[in-house]
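Visitor: Could you work out the structure for the sequence below:
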Amino acid sequence: MEFFTVDSVSKRFGGLLALDKVSMSVREGEIRGVIGPNGAGKTTFFNVVSGLYKPTAGRILFQGAEISRMRPSRIAALGVVRTFQRAALFPKYSVVENIAIARHLHADTSFFGAIFGGSQRSDREADEKAREIVEFLHLDDVRDELAANLAHGHQRILNVAMALATEPKLLMLDEPVAGMNSAETQLMTELIRKIRDERGITVLLVEHDMRTVMGLCETITVLDFGKKLAEGLPDEIKDNPDVVDAYLGTDEFDADS
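Guide: Presented below is the predicted three-dimensional model:
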């Protein structure tokens, strides 16, 4: 049984064909990168997979089940969980509280129940899970800091921590190192690899930082104008003339930087 398969998926917005028969298979335990110049269809692809948009044509399969037209909450409950380019945090709550809230929401607690507490048993379970994730992602030093007061790098890590609280099987990361300095980028890269290696979570990421993509991903899929342009190992993608041409005239593709 295939772990995750995108089969000839298209998405049309009126006269605009944002995705054109895109296909992809991701192995369980893989770190897969999706890249492409601005306007290539990467965000639309993530939105379709996570259920925010319904595909115009084609199918998406996860562990043998078709998820193409499921609600986002149902897709997430099956284990396909995404982050967004802008971290969706609860700014007036601490790091550990943010993770516990995400855990409550995953357990079908209402938003207000997640904020103000549920049963003692669910509260205790969520708190234990939050503390465990704080330690796993090295957030111990800021565990009691309000999310609003965190540095950008820690906010991005907290975003990933909240996704982990939902126990994903396929973790979709939307530009996880955007806006980070080199030290923060290195830390995030190490944490993503740790999530795969120690938790067995498959990772699918969209990213513009080519050094991160080339150093982290085992296979890379390239989109351009909504179509799959290329797919292969990092060295194959770096040397692919079609990929270089697609990025020509932009400042995005510098695999050796």
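Visitor: what does stretch 132-145 rub up against?
Guide: Under the contact criterion CB atoms under 8 Å, 6 or more residues apart in numbering, stretch 132-145 has outside partners 94-96, 99, 131, 150, 154, 157-158, 160-161, 164-165, 187, 191, 194, 198. (Glycine included, C-beta is placed from N, CA and C.)
Visitor: try it again with 10 Å
Guide: 94-97, 99-100, 102-103, 130-131, 149-151, 154-155, 157-158, 160-165, 187-188, 190-191, 194-195, 198-199 (CB atoms under 10 Å, 6 or more residues apart in numbering).
Visitor: If you count neighbours, what's buried in it?
Guide: Applying a neighbour-count criterion of 16 or more other CB atoms under 10 Å, one finds 133-134, 137, 139, 142, 145 buried in stretch 132-145.
Visitor: could these go into JSON lines alongside secondary structure and pLDDT?
Guide: What follows is the buried residues of stretch 132-145, written out as JSON lines (DSSP: H, G, I helix; E, B strand; the rest coil; pLDDT from 0 to 100):
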{"residue": "Ile133", "secondary structure": "helix", "pLDDT": "97"}
{"residue": "Val134", "secondary structure": "helix", "pLDDT": "97"}
{"residue": "Leu137", "secondary structure": "coil", "pLDDT": "97"}
{"residue": "Leu139", "secondary structure": "coil", "pLDDT": "96"}
{"residue": "Val142", "secondary structure": "helix", "pLDDT": "97"}
{"residue": "Glu145", "secondary structure": "coil", "pLDDT": "97"}
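Visitor: Mind putting those into JSON lines with distance to Arg27?
Guide: Below are these laid out as JSON lines (distance: CB to CB, whole Å):
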{"residue": "Ile133", "distance to Arg27": "25"}
{"residue": "Val134", "distance to Arg27": "30"}
{"residue": "Leu137", "distance to Arg27": "24"}
{"residue": "Leu139", "distance to Arg27": "29"}
{"residue": "Val142", "distance to Arg27": "34"}
{"residue": "Glu145", "distance to Arg27": "37"}
